[in-house]
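> Fold the following and give me the result.
(2 chains)
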Amino acid sequence: AQSVTQLGSHVSVSEGALVLLRCNYSSSVPPYLFWYVQYPNQGLQLLLKYTSAATLVKGINGFEAEFKKSETSFHLTKPSAHMSDAAEYFCAVSDPSGTYKYIFGTGTRLKVLA
Amino acid sequence: DVKVTQSSRYLVKRTGEKVFLECVQDMDHENMFWYRQDPGLGLRLIYFSYDVKMKEKGDIPEGYSVSREKKERFSLILESASTNQTSMYLCASPKNNEQFFGPGTRLTVL
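Presented below is the predicted three-dimensional model:
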């Protein structure tokens, strides 16, 4: 069975500071991993995905994540936070079998302080 | 551009009413999904469909049913709405190993 844990339901950073959102997964097969962002009153938008190619994945808006199998982690980072990054972020895992069934974490709300 | 659309952004219904939430995708994909999103719980899978007239229960199907008469359309039905079904409902369909989401329907049951 697969599961996802996001540490920290709320994270605050100052504008210009490093953003680090944590995601740990468990999966019995090599997983696909995703980070989605949700702005207020909108659906989810894909930030980046890992599908067993390069372990360092670059996404949109300057975000990146590194797949670390030994730590079963897929943490999301951005070197310098911008006010527009304030949103809720979801980590998700799926198996590569083609069912497209995702398991989502409970989300982390990012607040950016001026 | 890939599009997943949902019939309503906001909906207010009364307890006991029958509620239909509609989702349409233009990716010609077999799979479609309905999730509900609640604070602190993330997204939870209600039902999914992997082909026309085919459906499977997700993690929280109780109180819901679905209909898939055409490939592009997947409907979520609340037979008798209850206040604990007040939530954000998100439809999704995949393409290239990625789920594409609709904008969501925020349902309030009074």
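> So which bits of stretch A:6-22 are buried?
A:Gln6, A:Val11, A:Val13, A:Val19, A:Leu21, A:Arg22 (16 or more other Cβ atoms under 10 Å in any protein chain shown). From N, CA and C alone the C-beta is placed, and that goes for glycine too.
> Can you tell me who the residue at minimal distance from the centre of chain B pairs with across the strands?
For chain B, the residue nearest the mean C-alpha position is B:Trp34 (3.3 Å; Cα atoms, centre = their mean). Applying DSSP bridges to B:Trp34 gives these bridge partners: B:Tyr47, B:Cys91.
> okay, and for chain B, where does confidence drop off?
Within chain B, no range satisfies pLDDT under 70.
> Please enumerate the strands of it.
Along chain B, counting by DSSP state E, strands occupy B:4-6, B:10-13, B:19-25, B:32-38, B:42-51, B:54-57, B:65-70, B:73-78, B:87-95, B:98-101, B:105-109.
> could the ones you listed go into TSV alongside distance to A:Phe90?
Below are the strands of chain B laid out as TSV (distance: least, Cβ to Cβ, whole Å):
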stretch	distance to A:Phe90
strand B:4-6	17
strand B:10-13	22
strand B:19-25	19
strand B:32-38	9
strand B:42-51	6
strand B:54-57	22
strand B:65-70	23
strand B:73-78	20
strand B:87-95	11
strand B:98-101	10
strand B:105-109	17
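> Can you say which of the ones you listed is nearest to A:Ala65?
Taking Cβ to Cβ, strand B:98-101 is the member of these nearest to A:Ala65, at 14.7 Å.
> Now tell me what touches that closest one from outside.
Residues outside strand B:98-101 that contact it (Cβ atoms under 8 Å, 6 or more residues apart in numbering or on different chains): A:34, A:36, A:43-46, A:49, A:92, A:100, A:102, B:2, B:4, B:25, B:27, B:33, B:90-94.
> tally of neighbours for the residue nearest to B:Val19 when sequence neighbours are not counted?
Using Cβ to Cβ, 6 or more residues apart in numbering or on different chains and skipping residues adjacent in sequence, the residue nearest B:Val19 is B:Leu78, 4.1 Å away. Using other Cβ atoms under 10 Å in any protein chain shown, the number of residues around B:Leu78 comes to 19.
> Who are the contact partners of B:Leu78?
For B:Leu78, the contacting residues are B:Lys13, B:Glu17, B:Lys18, B:Val19, B:Leu21, B:Gly63, B:Tyr64, B:Gln85, by Cβ under 8 Å, 6+ apart.
> most surrounded residue in the residues you listed?
B:Leu21 (22 neighbours).
> Put the buried members of the contacts of strand B:98-101 into a PyMOL selection.
To isolate the buried ones among the contacts of strand B:98-101 in PyMOL, judged by 16+ other Cβ under 10 Å, type:
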select buried, (chain A and resi 34+36+43+44+46+49+92+100+102) or (chain B and resi 4+25+27+33+90+91+92+93+94)
